[in-house]
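>>> sequence and computational prediction follow.
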Amino acid sequence: MKTIPSSLHSLIKDQVIESSGSAMSLLETTVDSRDVTKDKIFIAYCGVKTDSHQFIKDVMTKGVGGVIFQDPKFTPKNDDIPWLRVKDSRAVWASFAAAWFEFPQNQLTIIGITGTNGKTSTCHYIAELIRSSNRKVGQIGTLGLSTDGKSFKETPHTSPDPPVFYQFLKSLVDKGVEYLVLEASSQGLLHGKFTGINFQASLYTSFSQDHLDLHKNMDDYWQAKLLLSKQTSGPIFKCQSIQNKIKNSISYGFAKESEHPISLHNKSTLGTTVSFEEHQNVALNELTNYGIENIVGSCLLVKSLGITLTNESLSKLGPPLGRMEKIQIKGKPTVMIDYAHTPDALQQAIENLNQVKTSELWVVFGCGGDRDSTKRPLMAEAAQSSDHMIITSDNPRTENPLTIIQEVSQNLKEDSFVSIENREEAIAHAIKNAKKEDIILIAGKGHEDYQIIGKEKRPFSDRKVACKYLKD
């Protein structure tokens, strides 16, 4: 049994409101009341669906090493078991997990990426550029946890819960990894998952409507995003397209007023040639303007860490799994698989593909269930600049897929789209009816190899389905 180190005391001293007479030891933490033992501390908080404070009495009866909570209504009457009432039990949870794994974050250079769209791609580009200089780097984000950028261990959340997060950081340190690049989601920031982390550099990719099922409004959403800048001790980079202000940020983008402007020279289905800083006429494997901005922002951030980059290292960059991923088979239409699942991301993807198409553009998309329903008609609006629109299921979860499709298409004319509930049939319809010169954008799920129907995860991959019908 470990005693609480002074470093943890200093982290949580401003959080503690009240405590029992018993001294708390440093133990493993759990938020699952079924998992408690005398060697674990139970963390109680009010979640989206469940308030785990209701289990405090039960875990104390069962036997537990300690309890950390924040709602005074559940203050235990038993002082024999150590307890702490704190201002934010999630933040204290992160601090205890960091201490349990011996503060591995202090031995890593940590880079944080946030934004509505582009987090995964930017993390991928930064990690690949760092690796190009023969340095080791870990990644955390939507794709999961990775030490090599090739294999990923899936996690339930973009920002993992503290025990998983700090155990992974400890494994990186044990393997001699120097850098960590992570996606800092608004939910992870809001819930204090990065409490105590010092980001040596951070980058904001974009900001547009999403997650309004979690945040009260767009300002509340932005305030959550801003928390990353407040934990960053080094440079903060921001794409010029973001209208919101970030103190002391460094801008980049296609706008002339950017501190680091990008010049576009040539664009085709093969890629794009751009210039910025000392990188003149560099060929990039990227079709979209926002993708180019993600690469440039990644380059600027990596160079701010003292790493030298060449045009060759930039030209070798390819997109991560399911991000503008191209599938091309001779004599068949070109298929693009992309994770675009917000109105802004979908609109930009379509706009950029319209710039390089030589024939017609098809788009297959839907909206997830049990998520922000206000963006559904906005997704259809974003897709209207395509030549053919097919609305289908995404991850309907516990909602009726046909109801979601109806809400997506409510403002469309009946003859302007086709609705096909079954996602495989929708993809097949596009491939069978498109000409070989056409482009088909399959949007919304990207890298995902499953579809959530009800509460069940069923195997499903846009990539595999597209390849199946392209080979027919």
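Yes, it's here.
>>> shaky segments in this structure?
Residues of the chain meeting the criterion pLDDT under 70: 1, 209-213, 215.
>>> ok, 50 please
Counting by pLDDT under 50, the chain shows no low-confidence range.
>>> so which elements touch the helix or strand where residue 238 lies?
Taking DSSP states H and E as the criterion, residue 238 maps to strand 236-239. Here strand 236-239 touches strand 201-204, strand 249-253, helix 289-304, going by 3 or more Cβ pairs under 8 Å, 6 or more residues apart in numbering; DSSP states H and E. Glycine gets a C-beta too; all of them are placed from N, C-alpha and C.
>>> CA atoms only: put the longest one into PDB for me.
Only the C-alpha atoms of helix 289-304 are listed here, as PDB (Å, rounded to 0.1, in the frame of the first residue of the first chain):
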ATOM      1  CA  ASN A 289      -7.700  22.500 -48.700                       C
ATOM      2  CA  TYR A 290      -8.400  21.600 -45.100                       C
ATOM      3  CA  GLY A 291      -6.200  18.600 -45.400                       C
ATOM      4  CA  ILE A 292      -3.400  20.700 -46.700                       C
ATOM      5  CA  GLU A 293      -3.800  23.100 -43.800                       C
ATOM      6  CA  ASN A 294      -3.600  20.100 -41.400                       C
ATOM      7  CA  ILE A 295      -0.300  19.100 -43.000                       C
ATOM      8  CA  VAL A 296       1.100  22.600 -42.900                       C
ATOM      9  CA  GLY A 297       0.000  23.100 -39.300                       C
ATOM     10  CA  SER A 298       1.600  19.800 -38.400                       C
ATOM     11  CA  CYS A 299       4.800  20.800 -40.100                       C
ATOM     12  CA  LEU A 300       5.000  24.200 -38.200                       C
ATOM     13  CA  LEU A 301       4.300  22.500 -34.900                       C
ATOM     14  CA  VAL A 302       7.000  19.800 -35.400                       C
ATOM     15  CA  LYS A 303       9.500  22.400 -36.400                       C
ATOM     16  CA  SER A 304       8.700  24.400 -33.300                       C
END
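>>> now do the buried residues in that helix.
Neighbour counts over helix 289-304 (16 or more other Cβ atoms under 10 Å) mark 289-302, 304 as buried.
>>> swap in stretch 38-52?
For stretch 38-52, the neighbour count (16+ other Cβ under 10 Å) marks 40, 41, 42, 43, 44, 45, 52 as buried.
>>> one more: stretch 376-391?
For stretch 376-391, burial by neighbour count (16+ other Cβ under 10 Å) applies to 376-383, 386, 388-391.
>>> next, give phi and psi for residue 111.
Backbone geometry at residue 111, expressed as degrees, to the nearest 10, gives phi -120, psi 130.
>>> run through who's touching stretch 460-472.
Stretch 460-472 has contacts (Cβ atoms under 8 Å, 6 or more residues apart in numbering) with 322, 325, 327, 329, 332-333, 335, 337, 423-424, 427-428, 431-432, 440, 442, 445-446, 448-451.
>>> measure residue 162 to residue 92 for me?
Per Cβ to Cβ, to the nearest Å, residue 162 is found 10 Å from residue 92.
>>> so where do the strands sit in the stretch 201-350 of the chain?
Along the stretch 201-350 of the chain, counting by DSSP state E, counting those that start in this stretch, strands occupy 201-204, 236-239, 249-253, 260-261, 263-268, 271-276, 279-284, 325-327, 334-338.
>>> now do the fifth one: distance to the chain's middle.
Meaning strand 263-268. 28 Å (Cα atoms, centre = their mean, to the nearest Å).
>>> circling back to that earlier point, looking at the helices and strands packed on strand 236-239, which is closest to residue 232?
strand 201-204 (4.3 Å; Cβ to Cβ).
>>> counting contacts, what elements does that closest one pack onto?
Using 3+ Cβ pairs under 8 Å, 6+ apart, strand 201-204 sits against strand 109-114, helix 218-230, strand 236-239, helix 289-304.
>>> repeat the analysis, applying 10 Å as the threshold.
Secondary-structure packing of strand 201-204 (3 or more Cβ pairs under 10 Å, 6 or more residues apart in numbering; DSSP states H and E): strand 109-114, helix 119-131, helix 218-230, strand 236-239, strand 249-253, helix 289-304.
>>> the stretch 1-150 of the chain: strands as residue ranges?
16-19, 28-30, 40-43, 66-69, 83-86, 109-114, 137-141, 144-146.
>>> the helix or strand that residue 389 is a member of: what's the following helix or strand?
In the assignment (DSSP H and E), residue 389 maps to strand 388-391. Sequence-wise, the next helix or strand downstream of strand 388-391 (DSSP H and E) is helix 401-408.
>>> packing partners of that following helix?
helix 376-382, strand 388-391, strand 418-419.
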